[in-house]
Each structure stands twice: as structure tokens, then as C-alpha cells.
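Chemist: build the 3D model from these lines:
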Amino acid sequence: MASRAVVPQHENNEEVKQKNARADGRNRRVLQDIGNFVDEGPPQGKKPITEGIVAVAQAVKGPQRKAIGKADKPKPEDEIVISSDEKTEKSKHLSNRQGSSRKQVKTLTSILSARSKAVCGLINRPNVSIEDIDGADAGNELAVTEYVDDIYQFYKLTEDEGRVRDYMDLQPELNAKMRSILVDWLIEVHRKFELMPETLYLTMNIVDRFLSMKVVQRKELQLVGISAMLIACKYEEIWAPEVNDFVFISDNAYDREQVLVMEKTILDKLEWYLTVPTPYVFLVRFIKASSPSDDETENLAFYLAGLGLMQYTTAVMYCPSMLAAAAVYAARCTLGKSPLWSETLKHHTGYSENQLMNCAKVLAKYHSTAAESKLNALYRKFSSPDRNAVALLAPARSLLPMPIHHGE
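Modeler: Reported below is the predicted structural model:
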């Protein structure tokens, strides 16, 4: 039977504590990179042990602090400031008086967020006026303000993976006009079922990616459309329409079994990859960064983005984030917002005014011809008062080509 280790009686408590401290230092050496704190020299007197990451950093760096003199103290320009000096001083006083500073300790999440912002240049950036568009949502857990910048940075990095590629040459029986007809009909179906806006954008992403992978006959194009919308509804909606609803809306052109078979085929081809950043994802963020943001600007940006979504050339030429940013820019030009493009918008979109100009001009051209088009489902949708009738607004003249005047 294994014997229990017994501490020799001749060792006093002070020696035991020193051994434990050395053991902890050896075991925690791998955590030396945790924390981003400025060394302030050896502690003066006995202080309470602080819980959290600060305690780990202090425990690991304790032996090192004694060796650091005044000449080795990091220079101010090499430090990344996570919190203000005022907050730091308050935390010190509270720690000394109350014996515990748990409430003042920075969490690992806040430290990583601060580091991420420092790397991206969000802090210590002089002479740049960028509004805090998430400040009002600080108390809203659903807004995830601690992670939202990282989330959209991830979207920008991964949007190319789910981007639509030029595929029309691979479809012998289809063309760009047929796709526009399908999108126009799906907009009607989307409105009839009163679905969420993100459902339509995901539907078209699924349609385009599937058509880029598999040859589809002309008679099956509508089947692909309703099957893609069925998948998007299951992904986005709380109460998704049933298969029989899509069979009915397509005038019984297909039966239930055909829809289910096509649904399975699409999912197999896409390998169930449905979490993709569509233009809608970026529109929500960019509209929020458009200050002042109002319902008219929001509806007009969605209308212009929808016009771009209908056109095959626009959908394959511009990535989702650029299409969304150009829609916001064209909306601001149409409504005469000043400035047309702010530092806040440039920061959150990642695009300058010159980079968006070509796409914005294309969207303005679609806006100018939408009323005469036979495919007018989107035009009628955004002509209603509940959408601020933004489709009836005159397009931005600054984005349209100047008319050519012949000699008098």
C-alpha cells in the first residue's frame, strides 16, 4: 500500500512556502505570455493576492521583477495602453483599501480585444475621428460589442470562400437573363411568405454557388430556386415555410419528392457550407456606421444592394462587402448626406471613396432604369410607404454619366 508523504517536522512554515512558490514558478512558466502589463518594480510591502490574469502575470513575473532596474523599464512608446491612467490609479487605491481588486481586474476577453484593436490600429491612432458606433449597445448582450470587430474582421477574411464565381459559361441551357427572372420571382415569393431579409441573400448565394458546381437544365432552374430558399429558411427563419408551401407557390410545377431530392443534392454539393458572409451581413454593419443613420438611408441601401443582387455581372464581379459598401455610399449620394464618406465608414468598411466609385456608379445606373424594367418586383416592394418609397427617389446625379450635348 502506498504510503502518504509526510512533511518533516523540522521544516518550518516559511521554508514550505518558499518551496511551493518555486514549484509554482516552474509549473507556470508556460504562461509567461499571458497578460500585457507594465513592470512597476518590486512591490512595496505585503500585498494581497489578486485573482484572475493579473495574479498569474504577477506570480510568473515576480522573480523577474527583482532583476529589472530603472534602466530596464519599458519605454512608454513601446507599451500598449489597455486602460486609462485614471482607471489604473483608481484600481490601485481600491486594491490597497479593500484587500481585493477582483472587480477591477481586466478579463482575458478584454485583454485580447485590446490587443486585437492595437494590432488593427484602432487605438493610439492620432488625428483620426472615428465614432464609437457600438457605444450605445454596451449593455446589450446580443450586440456582443466585445467581439463585433473581430467578427467582421473574420467575415472580411472569409468572404472570398463563399463568393460567387463566374459560372454562366458552364451552363449550356442557362443565361444571365434567366437568372434575373428567377431572382425577380424569388423576391415575390420572399415577400409573399414575409421572410427575413437575410433569407433572400442566403438563397441567392446558395443558388449561385450550386450553379457554379453542377450543370442544371432550364426546366429545373425554378426547382433549384425554391429548394435553395427552403434551405435558407431552415437556416434563418424561426418558422420556416413547409415543403408543400413551396410546391403550391410554384403552381405545382414540381412535387414534394422532387423538392426534397433537390434539397439533398444542393446540400451535398455545397458540403453543408451555409455560414457565409452575404451582402446582408455587411449591410447591417455599414448602415450602422453611416451617421446619421435613419430608415430612409437603410431602405435605400437595401434597395440598391438588391438591384445589384439581381444582375449576374454585378453579383460575380464584386465581393459582398464591396457591394454592401457601395450601396451605402450610393444611398448617401442620393440623399445628399454630408460628408459622402466619413472616416468612420472608411474604417469599418475597409474601402475608400475611390475604391467604391465604379460599383456605386453601376448601382446608380440600375436605379435610373428600374422603373422601366419588366422585372419590377424589387421596384414595387421599395415603392411602398412602409419602405419610405425610396425606389421613387431620383438617382444620384453625381454617379450617373454626364449627358452629351451636341453643338447648338
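Chemist: can you find the helix or strand in this structure with the smallest mean pLDDT?
Modeler: helix 53-65 (a mean of 46; mean pLDDT, DSSP states H and E).
Chemist: quick check: L335 touching E298?
Modeler: No - counting by C-beta atoms under 8 Å, L335 stays clear of E298, with 11.0 Å between them. Every residue, glycine included, has its C-beta placed from N, CA and C.
Chemist: the more surrounded of these two?
Modeler: Counted by other C-beta atoms under 10 Å, L335 and E298 do not tie: E298 has more neighbours, with 20 against 17.
Chemist: for the more buried one, give me its contacts.
Modeler: E298 makes contact with I287, according to C-beta atoms under 8 Å, 6 or more residues apart in numbering.
Chemist: assign it to helix, strand or coil.
Modeler: Following DSSP: H, G, I helix; E, B strand; the rest coil, we place E298 in the helix state.
Chemist: report pLDDT for it.
Modeler: Model confidence at E298, given as pLDDT, is 94.
Chemist: next one: G41
Modeler: At G41, pLDDT is 49.
Chemist: can we start the residue count at 20 from this point?
Modeler: Sure, I'll start counting at 20 from here, so that last one is G60.
Chemist: chain neighbours aside, what residue packs nearest to V266?
Modeler: Nearest in space to V266, with sequence neighbours left out and distances taken as C-beta to C-beta, 6 or more residues apart in numbering, is R275 at 5.8 Å.
Chemist: isn't that neighbour right up against N263?
Modeler: Yes - under the criterion of C-beta under 8 Å, R275 makes contact with N263 at 6.4 Å.
Chemist: domain map for the protein?
Modeler: 187-289, 298-418 (automatic domain parsing).
Chemist: same list (these) but as CSV, adding distance to E178.
Modeler: Converted to CSV, the domains of the chain look like this (distance: least, C-beta to C-beta, whole Å):
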stretch, distance to E178
domain 187-289, 11
domain 298-418, 5
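Chemist: which one of those lies nearest to Q172?
Modeler: domain 298-418 (9.2 Å; C-beta to C-beta).
Chemist: okay, how far is it across that closest one, tip to tip?
Modeler: By C-alpha to C-alpha, to the nearest Å, the extent of domain 298-418 from end to end equals 21 Å.
Chemist: just stretch 365-378 next, same as before
Modeler: 16 Å.
Chemist: quick check: pLDDT value at S392.
Modeler: 89.
Chemist: actually D227, sorry about that
Modeler: So, for D227, pLDDT stands at 94.
Chemist: where does pLDDT dip in the stretch 70-219 of the chain?
Modeler: 70-147 (pLDDT under 70).
Chemist: surely L230 and Q190 touch.
Modeler: Yes - with contacts counted by C-beta under 8 Å, L230 reaches Q190, the gap being 6.3 Å.
Chemist: the two: which has the busier surroundings?
Modeler: L230 (23 against 18).
Chemist: got the contact list for that one?
Modeler: Applying C-beta under 8 Å, 6+ apart, the residues near L230 are 186, 190, 193, 198, 243.
Chemist: wouldn't the first one be in contact with D227 here?
Modeler: Going back to what we said before, that points to Y186. Yes - counting by C-beta under 8 Å, D227 is a contact partner of Y186 at 7.3 Å.
Chemist: and for S310, the neighbour number?
Modeler: S310, neighbours per other C-beta under 10 Å, totals 12.
Chemist: can you pull the phi/psi pair for it?
Modeler: Reported as degrees, to the nearest 10, the phi and psi values for S310 are phi -110, psi 130.
Chemist: excluding chain neighbours, what is closest to it?
Modeler: Distances taken as C-beta to C-beta, 6+ apart place E150 nearest to S310, at 6.0 Å, with adjacent residues excluded.
Chemist: over to the one you found. Which of the three states is it?
Modeler: From three-state DSSP, the assignment for E150 is coil.
Chemist: how about D153, phi and psi?
Modeler: The phi/psi pair for D153 (degrees, to the nearest 10) reads phi -100, psi 0.
Chemist: find the nearest non-adjacent residue to it, please.
Modeler: T164 (4.4 Å).
Chemist: what secondary structure does that neighbour sit in?
Modeler: Strictly by three-state DSSP, T164 counts as coil.
Chemist: phi, psi for it please.
Modeler: phi -60, psi -30.
Chemist: quick check, it in contact with D156.
Modeler: Yes - using C-beta under 8 Å, T164 makes contact with D156 at a distance of 5.5 Å.
Chemist: so these two - more neighbours on which side?
Modeler: T164 (18 against 15).
Chemist: what sits against that one?
Modeler: T164 neighbours (C-beta under 8 Å, 6+ apart): 153, 156-157.
Chemist: distance of it relative to E192?
Modeler: 49 Å (C-beta to C-beta, to the nearest Å).
Chemist: for R210, helix, strand, or coil?
Modeler: helix.
Chemist: can you pull the phi and psi angles for the nearest residue to it once chain neighbours are set aside?
Modeler: Distance criterion C-beta to C-beta, 6+ apart; nearest residue to R210, sequence neighbours excluded, is K400 at 5.9 Å. Backbone geometry at K400, expressed as degrees, to the nearest 10, gives phi -60, psi -40.
Chemist: burial measure for K400, as a count.
Modeler: K400 has 19 nearby residues by other C-beta under 10 Å.
Chemist: repeat for V347
Modeler: 31.
Chemist: and for E282?
Modeler: Counted with other C-beta under 10 Å, E282 comes out at 20.
Chemist: helices or strands up against the helix or strand hosting it?
Modeler: Element membership for E282, per DSSP states H and E: helix 275-289. Contact here means 3 or more C-beta pairs under 8 Å, 6 or more residues apart in numbering; DSSP states H and E; on that basis helix 275-289 packs against helix 216-230, helix 240-255, helix 262-268.
Chemist: make TSV from those and add distance to T388 to it.
Modeler: As requested, these are exported to TSV (distance: least, C-beta to C-beta, whole Å):
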stretch	distance to T388
helix 216-230	20
helix 240-255	24
helix 262-268	28
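Chemist: so which of these comes closest to S417?
Modeler: helix 216-230 (27.4 Å).
Chemist: buried sites along that closest one?
Modeler: 217-230 (16 or more other C-beta atoms under 10 Å).
Chemist: what mean pLDDT does stretch 330-348 have?
Modeler: 93.
Chemist: before we move on, what about stretch 360-372?
Modeler: 90.
Chemist: what about that stretch, start to end distance?
Modeler: OK, stretch 360-372 end separation, C-alpha to C-alpha: 6 Å.
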